[in-house]
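**Q** no letters, just coordinates:
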């Protein structure tokens, strides 16, 4: 494959850069080398390079593959797309922020569309060339609860004296944009004390006592929409991770859901009774003899 610059070098960030740092670096570089602003002969080439780097580093799955295999991860000739050279991430040959949107018609309202991610923001301050005819659209922020974003919801809002019903699709994320005829709504998702989200996957901690960890048993785990019985194997270690398939966030683009990862935390009691202490000492003595 043709020699390419390291994607982290392209954006000027380290491999430990956070998602916010990568996005910030991308915006600065894209603004600097956008062909409508930068008339240098190599501006368009650098702009495409910047977009390609951001397309990979802003996606957790692609970033992980790149960190492990480098550019070969996306080169069909080197087998980077697996058997048959199929791209596991989907999409065609386009690169840059315009591959980061997904539109779907909504019923009712003003004919809303949903966009994912927000890389279009960098162009709004300097629409030029092919974008010159597009006027800036009013944008409003709508704050919703974490579970409302995962399961979907409807909100009544008032904009410029008119009431609107905003339909938030199940699986919406922080930064999801809902486009209407005359304005945009950007979704602001609140954090949740129990669940953490990574793409379409969810993570939570489930505490168990030391006896259950040693002897095994079952615990009740409350997922997004139901309560499941989770079997604990005898001898389970603290921070063991258990995956529950299909209990994560719905895919807006297609059917199916992500997974729910339950991290088992073994809780050690701070205080025990004399009888409990005696039993533990006997247990320890017997273990040393075995």
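**A** That came in fine, so what should we check first? Fair warning: this is a prediction, and the values are worked out from it, not measured in the lab.

**Q** which positions in stretch 147-164 come out as buried?
**A** Across stretch 147-164, burial judged by 16 or more other C-beta atoms under 10 Å covers 147, 148, 149, 150, 151, 152, 153, 164. Quick note: C-beta positions are derived from backbone N, CA and C, even for glycine.

**Q** which ones among the residues you listed lie within strands?
**A** 153, 164 (DSSP state E).

**Q** wait, which of the buried residues of stretch 147-164 is closest to residue 267?
**A** The shortest approach to residue 267 among the buried residues of stretch 147-164 belongs to residue 147, at 25.7 Å (C-beta to C-beta).

**Q** OK, contacts around that closest one?
**A** Listed by C-beta atoms under 8 Å, 6 or more residues apart in numbering, the contact set of residue 147 reads 192, 195, 224.

**Q** assumed the last one was part of a helix.
**A** No: when DSSP: H, G, I helix; E, B strand; the rest coil is applied, residue 224 is found to be coil, with no helix at that position.

**Q** filter the contacts of residue 147 to the buried ones?
**A** Buried positions within these, assessed by neighbour count (16+ other C-beta under 10 Å), are 195, 224.

**Q** list the buried ones in the host helix or strand of residue 68?
**A** Element membership for residue 68 (DSSP states H and E) is helix 60-69. Buried positions in helix 60-69, judged by neighbour count with 16+ other C-beta under 10 Å: 62, 63, 65, 66.

**Q** from residue 258, how far off is the closest residue to the third one other than its chain neighbours?
**A** The shortest distance from residue 65 to any residue that is not its chain neighbour, by C-beta to C-beta, 6 or more residues apart in numbering, is 4.1 Å, and that residue is residue 73. According to C-beta to C-beta, to the nearest Å, residue 73 and residue 258 sit 21 Å apart.

**Q** and this structure, what are its domains?
**A** With automatic domain parsing as the criterion, the domains of the chain are listed as 1-84+92-98, 101-191, 196-267.
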